[in-house]
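Q: how does the following fold in three dimensions:
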Amino acid sequence: MTLLPLPSPRTAGALQRVLLVALLAPAVLLSLLAMVPALLTLPFLPGGTERTVTLLHAHTVYVRTLLTGSRPSP
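A: Numbers count the residues shown, from 1 in each chain. Alright, predicted model coming up:
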């Protein structure tokens, strides 16, 4: 009976990060795609520029949090 070799913890961590990015990247791109109509129309409405900046800031924070959470601990 042959056993499959288990990956080392370093390799497993890298594989986990790759899978996490592969699964979450489409969701992040979909949310950005859903924001496109708002980003195109909001700047022309009163107070829309501030709302556009808020949307972009929220998206940036979301992506930064995902990327920080996928890094290995030192």
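Q: return the residues in contact with the residue most central in space within the chain.
A: The centre of the chain sits closest to Val63, judged by C-alpha atoms, centre = their mean, with a distance of 3.9 Å. For Val63, the contact set (C-beta atoms under 8 Å, 6 or more residues apart in numbering) comprises Val28. Every residue, glycine included, has its C-beta placed from N, CA and C.
Q: does it lie in a helix or a strand, and which?
A: Per DSSP states H and E, Val63 falls inside helix 48-69.
Q: then Ala27?
A: helix 9-41.
Q: in that helix, what's buried?
A: Neighbour-count burial for helix 9-41, counted by 16 or more other C-beta atoms under 10 Å, picks out Met35.
Q: now that helix and helix 48-69, what's the angle there?
A: Angle, helix 9-41 to helix 48-69, by axes from the mean of the first three to the mean of the last three C-alpha atoms, to 10 degrees: 170 degrees.
Q: from the middle of its chain, how far away would helix 9-41 be?
A: Helix 9-41 sits 4 Å away from the centroid of its parent chain (C-alpha atoms, centre = their mean, to the nearest Å).
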